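Undergrad: need coordinates for the below:
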Amino acid sequence: MRGVFSILLLIVSNIFMTFAWYGHLKLQEAKVTTNWPLYAIILLSWGIALAEYCCQVPANRLGFRENGGPFSLMQLKIIQEVITLIIFVLFSQVFFKGETFQWNHLAAFLCLIAAVYFVFMK
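TA: Predicted coordinates:
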């Protein structure tokens, strides 16, 4: 169960991370933050990133083998990267209609899935 909770927390963490890193671009596009100074955008992103860290840190603690979890450090990192890519692709397709998902993006994604396979090989 620790592994499942770890992965669920990584998913939630990456949703917050994606909004912290790229959400301000959508807010700017929607004319919500157009006139905001950069420091205000940074503070907004940091506030969102705090929620990300509140999920990321427990996810890594729960999932890490040295703390009783099922994953090695490398496995946790690769899992996190694949989750990040999935969340980012969904985010970009939902919120940024001008971004297209092309064949080379799919090829890169498949390479990351292969990385998951290889990192779990004995």
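
Undergrad: list the buried ones in the helix or strand where Gly47 lies?
TA: Under the criterion of DSSP states H and E, Gly47 resides in helix 38-63. Under the neighbour-count criterion of 16 or more other CB atoms under 10 Å, helix 38-63 has 44-45, 48-49, 51-52, 55-56, 59-60, 62-63 buried. Where C-beta positions appear, they are placed from N, C-alpha and C, glycine not excepted.

Undergrad: what of stretch 9-22?
TA: 9-21.

Undergrad: quick one: which of the residues you listed is nearest Phe88?
TA: Ranked by distance to Phe88 (CB to CB), the buried residues of stretch 9-22 are led by Thr18 at 5.7 Å.

Undergrad: averaged pLDDT, the lengthiest helix in the chain. What do you get?
TA: Longest helix in the chain, counting residues (DSSP state H): helix 2-29. Averaging pLDDT along helix 2-29 yields 93.

Undergrad: pull the distance from it to the chain's centre.
TA: Mean-position distance between helix 2-29 and its chain equals 5 Å (CA atoms, centre = their mean, to the nearest Å).

Undergrad: returning to that earlier point: just after the helix holding Gly47, pick out the following helix or strand.
TA: helix 73-95.

Undergrad: can you list contacts of the helix or strand that that next one is followed by?
TA: With elements assigned by DSSP H and E, the helix or strand that comes after helix 73-95 is helix 103-120. For helix 103-120, contacts defined as CB atoms under 8 Å, 6 or more residues apart in numbering pick out 72, 74-75, 78-79, 81-82, 85, 89.

Undergrad: which residue of the protein lies farthest from its centroid?
TA: In the chain, counting by CA atoms, centre = their mean, Asn35 sits farthest out from the average C-alpha position, at 27.6 Å.

Undergrad: any idea how far that one lies from Gly69?
TA: According to CB to CB, to the nearest Å, Asn35 and Gly69 sit 46 Å apart.
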